[in-house]
Each structure stands twice: as structure tokens, then as C-alpha cells.
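**Student:** Here you go, sequence then predicted model.
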Amino acid sequence: MNLFSDIRALVMTSLDAMVRAGALPEGLDFAAVAVEPPRDAAHGDMATNAAMVLAKPAGLKPREIAEALAARLTEDARIAAADVAGPGFLNLRLAPVCWQGIVAHALGAGLDFGRSAMGKGARVNVEFVSANPTGPMHVGHTRGAVVGDALSNLLAFAGYDVTREYYINDGGAQVDVLARSAYERYREAHGLSPEIAKGLYPGEYLIEVGEALKTEFGDQFLDQPEAVWLETVRNFATERMMAMIRADLDALGVRMDVYSSEKALYGTGEIETAIERLRAHGLIYTGTLEPPKGKTPEDWEPREQTLFRSTAHGDDVDRPIKKSDGSWTYFAPDIAYHYNKISRDYDLLIDIFGADHGGYVKRMKAAVSALSNGRVPLEIKLIQLVKLYKNGEPFKMSKRAGTFVTLRDVVEEVGADVTRFVMLTRKNDATLDFDFAKVLEQSKDNPVFYVQYAHARVCSVLRKAADLGVDVTDAALAQADLGQLSHPAELALMRKLAEWPRMVELAARTQEPHRIAGYLSELAAELHGLWNRGNDEPGLRFVQEGAVATTAAKIALARATGVAISAGLAILGVQPVEEMR
């Protein structure tokens, strides 16, 4: 039940009736007609822009359309009032029964409250994290992992068929560096001094890998040339790093459906097949690129390269796919990997990258557009930096990784639930401040606590009502006399509840899971506001001793709020709490 969709449907029906009656001309496009919460709640419950968007094509004044539409809308029992405002906006006030019906619907739907069929089963691939398998995940990966997982949850809740995928970057030079770094720890495990030269990975996490190499291979690689051990050590260390990464993700509550390997693309013909597809469309050629911006002629050495004509699909410049020595650039396997995803018949691809990949967006979109003949859209979400603080001061932790704060450091410090919620309090492309002290404090300024406290309060009144003999099962509460919920503060909470199904669709449509965290904070604020008013006005308290029927109605509202909070937290991947400690 999406009350906003229901009222929009009523507006559409009324506009169709106006066309049939000759009050509006035929052939009007109603696609831009919206029904939304008004900017100022004092103006009403909902507002529609119908008159404003239809006035010009209809050749009529907006107020003329709005007044005629208002007259028709108020014929419906759900519309208590329809007031024309300004040049022609139409503000609607709904009958209390509409809001009361939301409570019963939420209780009947349970954790499916707000679930949508908007996606119609469209297949979506969300690729996220995809960290190089050269060490533990850092705090930047943490945010990307949370955003990707929450976005996947959100899209699934909105009716999409979602696959979570991790692309293992195990085919580049960085895994050779990993192998050399692990080899030094292998030497160390044999009592030799490791030579951690500049450019190698210094993190202590490789000590365990070195010990494992010793256990597996003994001393057979000691004092051997690199050609003897490089491939074996590289594969061994990569597998160990991926096991560590999987454990880190598991600690954060993130589970992938698919792990794909870059290395698996080499020697299989997949890269060549993808490039040949582009060539068949006239998009591969040999040429010389202009010097990059900031390069003077003295700095620049022009050379012929094999290029992808990415400018034909919206990029700023064409991109090299093969080096002058005949080897592939790092872009070529990425093209092949995305062609692989396209061949798996996804309707939408979403990549979640770190902010440092901003220059990669246009070329990757161009490649997917060319490979799919424009059939499969690619959305790329950039994850901005996380700045760590404690009590307002920059915070540095002991770092097993050697140079950065790890995902495991953060989770062990504050817990997975707090980590996930805080990582979703801002839009992905905005820098996030993470204060270890603030995210654990019990105050209304801490959104994690504020939302969890609201859910705990709901559980508290349910227990109290049950002790008084009230049947607090959802089925029983849905049958309560909800007509008793008529106080403005109760109606305000019900109005916020009614926004939940709309918020799910809006957040899914914009691919912005942070909207869910924001909504939960607003819903919690309404519940806390009603609770606090009950301190001064006993009639607003959820439990009314001696009045079982009234208590049941009020508990129904509290429970419905708890249902919405639980559903929202599930999308964020956070467990609701029943008691605050």
C-alpha cells in the first residue's frame, strides 16, 4: 500500500474525467503530474503540481485547472480538503481514516511493509568493493562495501533481481608486488632478515602468509631466483588475501553472490573477443593521442597505439587498449569483464568505485554502451573519503596494515551495526566524518542511537501492554479501533509512516540508500516527539491503564512504527535492538 501512489491514481482518474467532460483538451501527457509531501507540512498532507504542468499544453490558467480538479477530488471520501495555493499548486488534506489504514496495513505486512514491485524483476548486477587482493580492507573500502550492500538490499526490496559481485584485480603488477613482499616474509619465517624494499607492502599481515608459505613449501624457495617461485607465491598469497578479505566482509555482514577474477580473463580469448566486437563496430583503430593536459611538447612523446574510439559513445578522448609493446592496457581486461557481465543478460549494471576512479567513469560507460549497442545502462557510484576522528580530533589507530586503518579496526572499535548505519548517513559522493566517540554516545545527535532507541521504546511498551493483558500480536492489533488515533501528534506519526513505501521507491529509483537512513531518523523523531508529549499529556501515552481498547489502538501505532524501523534497518543491514544498555 503506497498512499501517495493511491492519491496520484485518484488525481489521474479525476484528470481523465475532466478530459471527458471537456474541461481539459484531449491528448495531454500526464507523466509529469506528481503527488508529494508539501514543503511545509502546515500547508497540507500532500500536494500536486497537476495544474502547473498542464496549464501551458492545455492553454488554460493554472488556477482554473486547479479549482476544477479540487472540486472533483473532494468528491472522494479520502480527501478532506483541497486548497489552491499560489499560482496553481493544489494542497490536499486527507481524512484521518487514510492514515489509520496505514497502521493496519503495516501490521498486516510485517517486514514486507513498503516492499515494492517497481523493479518488475529486472536483473541488476551491483559490483562493489573489488579491492586489490594485496592486503586487508581499509576504511574507504568499508564505506564502499556498506553502500554497495545496502543498495543491493534496497533494489531487491523494490522488486529487482540483484546479484552482488566482487571483481578480483589479480591480473596486474600489484599482485607481483604482493608476491615479492610475501617472499620476504617467507624468508623471515626461516630466520632471515626481510628486505622490505621501497615499493613493497610493509604490513605485518604478511607475516602470517610467510609462515604459511614455510609450512606449505618448506625451504625449497630459499635462495632461488624469482622466476622459480614468483607464480607459486603469487597464487598462494592472493588466495590468502582473498580469504582475509572475505572474512573482513563477513564481519561487516556483507556476502557476495559472485567473485570474478581478472586473471581468469587472460589466455582465454575473452579480452580478444570483446575487442573484436568493438572492432566490428569500427571502434578500434591505430592512432596517436594528443598530449595530456599540462604536458609540454618537450615532455610528450607521441606514439602510435591501438585505441578505442570511446568519443563515439560520450567520452572526452579516445582510450588506449594496447601498449606499444603489444601488451594490453589495464582498460582492456575491464572492457572484457563488462562484456562478460553484459553476456549474462543483466538489464542494468552498477559499479561502485572509490573517488580516485572519477576519471574512469566516462570511458567505462562508453565501453558498456558500445558493447551492448546501448541496451544495457551502466551506473557508476563514486565513494568519497571517510575522515576518522575521536572527540573531534583526527584519530589514528594501531595499524596492522602498516599504512592505513583497516575495516576490521573500525568494526572491532564500534561494531558492525554502528559502522554500517554511520556509513549511510551521507550520500556516497559526499565526504563522511566518522567520530569514534560520537557514534557511540547516547544522544539524539547520534542517529544510530536515536533510531535504535525508538525501536527499543516500541518493544518496551509492547512488553508493558502485554503485562496488562493486551493482546499485542500483530493480527490482534490490526483489529484495534484505530479511529481513536486522532490527536495531531498521532496523525503526524502516521503521516510519516505513510511515506515509507514512497521512500523505498524514491531511494531505489535514485539508487541512494542514504535516503533510508535519513527517513528512519525522521520517523524516530516523530515517535520520540509523541512519547515526550505523553509525559505532559497522559492521554497521549501508549499504555492507558484500565483502558484496554484505547491501549490496543495506541500500541498498534507504536508497533507499526517498529515494523517500519525494522524494515528500514534490514535494508541498511543493521539489526534492531529491543533494549538499550
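**Tutor:** Done, it's in. Numbers count the residues shown, from 1 in each chain.
**Student:** Determine the three-state secondary structure at residue 457.
**Tutor:** helix (DSSP: H, G, I helix; E, B strand; the rest coil).
**Student:** Three-state assignment for the residue nearest the centre of the chain, please.
**Tutor:** Nearest to the centroid of the C-alpha atoms of the chain, with distances taken as C-alpha atoms, centre = their mean, sits residue 151, at 2.9 Å. Secondary structure, three-state DSSP: residue 151 is helix.
**Student:** and the closest residue to it other than its chain neighbours, what are its phi and psi?
**Tutor:** What sits nearest to residue 151 in space, not counting adjacent residues and going by C-beta to C-beta, 6 or more residues apart in numbering, is residue 513, at 5.0 Å. Using the backbone N, CA and C atoms, a C-beta is placed for each residue, glycine as well. When read as degrees, to the nearest 10, the backbone of residue 513 gives phi -70, psi -20.
**Student:** distance of residue 513 from residue 563?
**Tutor:** Distance from residue 513 to residue 563, counting by C-beta to C-beta, to the nearest Å: 19 Å.
**Student:** Ok, residue 365 next?
**Tutor:** Residue 365 is 39 Å from residue 563, by C-beta to C-beta.
**Student:** neighbour-wise, which of the two wins?
**Tutor:** More neighbours surround residue 563 than the other of residue 365 and residue 563, with 26 against 21 (other C-beta atoms under 10 Å).
**Student:** For the more buried one, grab phi and psi.
**Tutor:** phi -60, psi -50.
**Student:** For it, report the pLDDT, please.
**Tutor:** Per-residue pLDDT puts residue 563 at 98.
**Student:** And the one 10 residues further on, by the same measure?
**Tutor:** In this model, residue 573 is scored at 98, pLDDT.
**Student:** ok, it - contacts?
**Tutor:** 146, 149-150, 153, 253-254, 420 (C-beta atoms under 8 Å, 6 or more residues apart in numbering).
**Student:** Please repeat the previous calculation with a cut-off of 7 Å.
**Tutor:** 149-150, 153, 253, 420 (C-beta atoms under 7 Å, 6 or more residues apart in numbering).
**Student:** Work out for me the element the residue in the chain sticking out farthest from the centre sits within.
**Tutor:** Centroid-distance maximum for the chain: residue 223 at 49.3 Å, with C-alpha atoms, centre = their mean. Per DSSP states H and E: residue 223 is located in neither a helix nor a strand.
**Student:** just to revisit the earlier point, in TSV, list the contacts of residue 573 along with neighbour count.
**Tutor:** Output for these, formatted as TSV (neighbours: other C-beta atoms under 10 Å):
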residue	neighbour count
149	28
150	25
153	18
253	18
420	27
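**Student:** For stretch 275-294, give me every contacting residue.
**Tutor:** 300, 302-309, 312, 317-318, 321, 332, 339, 370-371.
**Student:** just checking, which of those belong to strands?
**Tutor:** Members of those lying in strands (criterion: DSSP state E): 305-308, 321.
**Student:** so can I have a markdown table of those residues showing pLDDT, distance to residue 390 and neighbour count?
**Tutor:** Listed next are those as a markdown table, based on pLDDT from 0 to 100; distance: C-beta to C-beta, whole Å; neighbours: other C-beta atoms under 10 Å:
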| residue | pLDDT | distance to residue 390 | neighbour count |
| --- | --- | --- | --- |
| 305 | 89 | 49 | 18 |
| 306 | 95 | 51 | 19 |
| 307 | 95 | 49 | 20 |
| 308 | 97 | 47 | 27 |
| 321 | 96 | 46 | 24 |
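**Student:** From those, pick the one nearest residue 533.
**Tutor:** residue 308 (63.0 Å; C-beta to C-beta).
**Student:** Quick check: bridge partners of that closest one?
**Tutor:** Beta bridges link residue 308 to residue 284, residue 319 when assigned by DSSP bridges.
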